[in-house]
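A.B. asks: Sequence first, predicted model second:
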2 protein chains.
Amino acid sequence: MILVNGAATEAVGASDRGLAYGDGVFRTFPVRGGRASAWRLQYLKLAEDCRALDLPCPPEAVLAEEVARASAAQEDSVVKIIVTRGSGERGYEPPRIPRPMRVVIAGLRARHPADPARNGVQICVCRTRVAIQPRLAGIKHLNRLENVLARAEWSDPAVAEGLMLDMDGNVIGGTMTNLFIADASGLATPDLSNCGVAGVTRGRILAAASRNGVDCRIEALSLDRVLAARELVLVNSVIGAWPVRAVAGRSLTPGPEAMRIQSWLAQDDD
Amino acid sequence: MILVNGAATEAVGASDRGLAYGDGVFRTFPVRGGRASAWRLQYLKLAEDCRALDLPCPPEAVLAEEVARASAAQEDSVVKIIVTRGSGERGYEPPRIPRPMRVVIAGLRARHPADPARNGVQICVCRTRVAIQPRLAGIKHLNRLENVLARAEWSDPAVAEGLMLDMDGNVIGGTMTNLFIADASGLATPDLSNCGVAGVTRGRILAAASRNGVDCRIEALSLDRVLAARELVLVNSVIGAWPVRAVAGRSLTPGPEAMRIQSWLAQDDD
């Protein structure tokens, strides 16, 4: 089911700035039995991303009701919320009094018969680089052509995800996931102050690590370091945490760090 | 008037990848008395940009008919064509058989009572930088948040445009225009191989310069060099060519290069 500004319709305005310029932000998360996973954090991140684009964020209660309504017909949904700056006819200049548009889309959750959370996934390394743009770094905005181009690099269904590097050659994450690595230095995740999306699940893992006294560094990670790591774990709100079992000709064994991250996420899903 | 896939409607699908990811391209140009300015070049650039994103471009005859139909009610329109990869439910992965969506929007042409083509315009220098992304450089794609953020930096209606620099400090152009400068070295325009939009009007001017034996270099232009130039000329398909009369506390006099560019564009509008 799709709701646009609360109304059951699949139609959005052709002059919407979300379509014209990608002038908006989004969230994607599972809803099971009417309960949105980590809802409070999802909303806070949506509000933070709206603020970063100087975009009024719809009230939490409005969105919570629409998420519940859109997903009511399914036991197990993936819900996407899009918030744009609404329609405008005046070129790039944002309207002085923006009337944001919100879209709530509930779809069926994909099944993964191969049990990737336990068995791990095969991934590749993408050629498409992520541009350095500190002004937009971390924000889950609607300008995602780099992710589209990177995802178009492979069509083999055995490959579950692709790593993306930034223009300086540092690994930023997957096309749709954040990355954690475990090596001799401990647990680490890419620094996203120059580009990339700082997802809610990444934030939950960092908070859980801190709460549990586990050191997890946020730092620049070269491809060499990532490919030499003992464990690689890909995370997002929909998949949870997937260990990597194969990348760039190397085999890895899903190990204790992936399990620890999974247990943190299981405990913490408020 | 708005046409979506040829039908008179303002509604596009909420799951369209143009909205979700900015997965598409666009064009904007004037239509006067039923005649689209530089139509053949506009279509060729649209097709080139589609090809760069591996997106099937609608046939020229289909778009030409829709441009004529959408703009028929007005003597003097600005028409925008958007082509997206259509709807998709599978995340970033492009559909194997894409069904592109096309939107043709005809609006009224803005009036500029101050005659900016003759008297010149006041401009500013934006803080928002353009990220370096050779893979997308030159393409007029729908990922335009940088332009939106730059345009949001000023609201004074006396300021007509803002210059944008890339991450290396080179001037790329205006938020909605390409730039030509004239200084002791002659005529030059920014190199757009790393970022920026290589517009049709820029291309027409480069072709006219070449045809007329005028040397016009395509090169990296520092802000210092731009601010010290004898003439600055901002161009796009809708405004034509506007000389700059004030930037960063400096006054310039609209001069012969702006007039020459304007005369080229007037001759060449096939």
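C.D. replies: Yep, it's here. Everything quoted here is computed from the prediction, not taken from an experiment. Numbers count the residues shown, from 1 in each chain, chains lettered A, B, ... in the order given.

A.B. asks: C-alpha from now on. contacts and neighbour counts both.
C.D. replies: Noted.

A.B. asks: Spell out which parts of the stretch 51-200 of chain A neighbour chain B.
C.D. replies: A:53, A:82, A:92-94, A:103, A:128-133, A:135, A:142-145, A:147-149, A:151-152, A:175-176 (Cα under 8 Å from any Cα of the partner chain).

A.B. asks: Provide a list of residues in contact with residue A:223.
C.D. replies: Residues in contact with residue A:223, defined by Cα atoms under 8 Å, 6 or more residues apart in numbering or on different chains, are A:165, A:169, A:170, A:171.

A.B. asks: Narrow those residues to those that are buried.
C.D. replies: With neighbours counted using 16 or more other Cα atoms under 10 Å in any protein chain shown, the contacts of residue A:223 contain these buried positions: A:165, A:170, A:171.

A.B. asks: Quick check, the second one in contact with residue A:219.
C.D. replies: What it means is residue A:170. No - Residue A:170 is beyond contact range of residue A:219, at 9.7 Å (criterion: Cα atoms under 8 Å).

A.B. asks: any idea of the mean pLDDT in the helix or strand where residue A:224 lies?
C.D. replies: Take DSSP states H and E as the rule and residue A:224 turns out to sit in helix A:223-227. Taken as a whole, helix A:223-227 has a mean pLDDT of 98.

A.B. asks: gap between it and the chain center?
C.D. replies: Its chain's average C-alpha position is 22 Å from that of helix A:223-227, according to Cα atoms, centre = their mean, to the nearest Å.

A.B. asks: Need the CA coordinates for stretch A:226-236. PDB is fine.
C.D. replies: Presented in PDB, the C-alpha positions along stretch A:226-236 are these (Å, rounded to 0.1, in the frame of the first residue of the first chain):
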ATOM      1  CA  VAL A 226      39.200  -4.400   4.300                       C
ATOM      2  CA  LEU A 227      40.200  -7.400   2.100                       C
ATOM      3  CA  ALA A 228      42.700  -8.600   4.700                       C
ATOM      4  CA  ALA A 229      40.200  -8.400   7.600                       C
ATOM      5  CA  ARG A 230      39.300 -11.500   9.600                       C
ATOM      6  CA  GLU A 231      35.600 -10.700   9.400                       C
ATOM      7  CA  LEU A 232      33.500  -8.400   7.300                       C
ATOM      8  CA  VAL A 233      29.900  -7.600   8.300                       C
ATOM      9  CA  LEU A 234      27.400  -5.700   6.200                       C
ATOM     10  CA  VAL A 235      24.500  -4.100   8.000                       C
ATOM     11  CA  ASN A 236      21.300  -2.200   7.300                       C
END
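
A.B. asks: Can you pull the domain assignment for chain A?
C.D. replies: A:2-108, A:116-268 (automatic domain parsing).

A.B. asks: Can I get those in JSON lines including distance to residue B:24?
C.D. replies: Below are these laid out as JSON lines (distance: least, Cα to Cα, whole Å):
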{"stretch": "domain A:2-108", "distance to residue B:24": "9"}
{"stretch": "domain A:116-268", "distance to residue B:24": "9"}
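
A.B. asks: I'd like to know which of the ones you listed lies nearest to residue B:258.
C.D. replies: Proximity to residue B:258, assessed across the domains of chain A by Cα to Cα, is greatest for domain A:2-108 (24.0 Å).

A.B. asks: Tell me the secondary structure at whichever residue of chain A sits closest to chain B.
C.D. replies: Here chain A gets closest to chain B at one residue, residue A:19, 4.2 Å apart by Cα to the nearest Cα. Assigned by DSSP: H, G, I helix; E, B strand; the rest coil, the conformation of residue A:19 is helix.

A.B. asks: for residue A:208, same thing?
C.D. replies: Under the three-state scheme (three-state DSSP), residue A:208 adopts helix.

A.B. asks: Out of the buried ones among the contacts of residue A:223, which sit inside strands?
C.D. replies: Of those, the ones assigned to strands by DSSP state E are A:165, A:171.

A.B. asks: Out of the buried ones among the contacts of residue A:223, flag the one nearest to residue A:43.
C.D. replies: Looking across those and measuring by Cα to Cα, the closest to residue A:43 is residue A:171, at 27.3 Å.

A.B. asks: Return the set of residues that bridge with that closest one.
C.D. replies: Listed beta-bridge partners, residue A:171: residue A:165 (assigned using DSSP bridges).

A.B. asks: mind listing what it touches?
C.D. replies: A:163, A:164, A:165, A:190, A:220, A:221, A:222, A:223, A:226.

A.B. asks: And for the second one, the neighbour number?
C.D. replies: Around residue A:164 sit 28 other residues, with neighbours defined as other Cα atoms under 10 Å in any protein chain shown.

A.B. asks: For burial, what's the neighbour tally of the residue of chain A closest to chain B?
C.D. replies: Quick note: residue A:19 (other Cα under 10 Å) scores 31 neighbours.

A.B. asks: Same check on the one 10 residues further on?
C.D. replies: If you count neighbours by other Cα under 10 Å, residue A:29 ends up with 24.

A.B. asks: moving C-terminal of the strand or helix carrying it, what's the next helix or strand?
C.D. replies: Using DSSP H and E, residue A:29 falls within strand A:24-32. The first helix or strand that comes after strand A:24-32 along the chain, using DSSP H and E, is strand A:35-36.

A.B. asks: what about residue A:89, distance to residue A:42?
C.D. replies: Distance, residue A:89 to residue A:42, using Cα to Cα, to the nearest Å: 31 Å.

A.B. asks: Same drill for those two, tell me which one is more crowded.
C.D. replies: residue A:42 (21 against 13).

A.B. asks: List of residues touching the host helix or strand of that one?
C.D. replies: Taking DSSP H and E as the definition, one finds residue A:42 inside helix A:39-52. The set of residues external to helix A:39-52 that reach it, using Cα under 8 Å, 6+ apart, is A:24-27, A:29, A:56-57, A:60, A:83, A:139-141, A:200, A:270.
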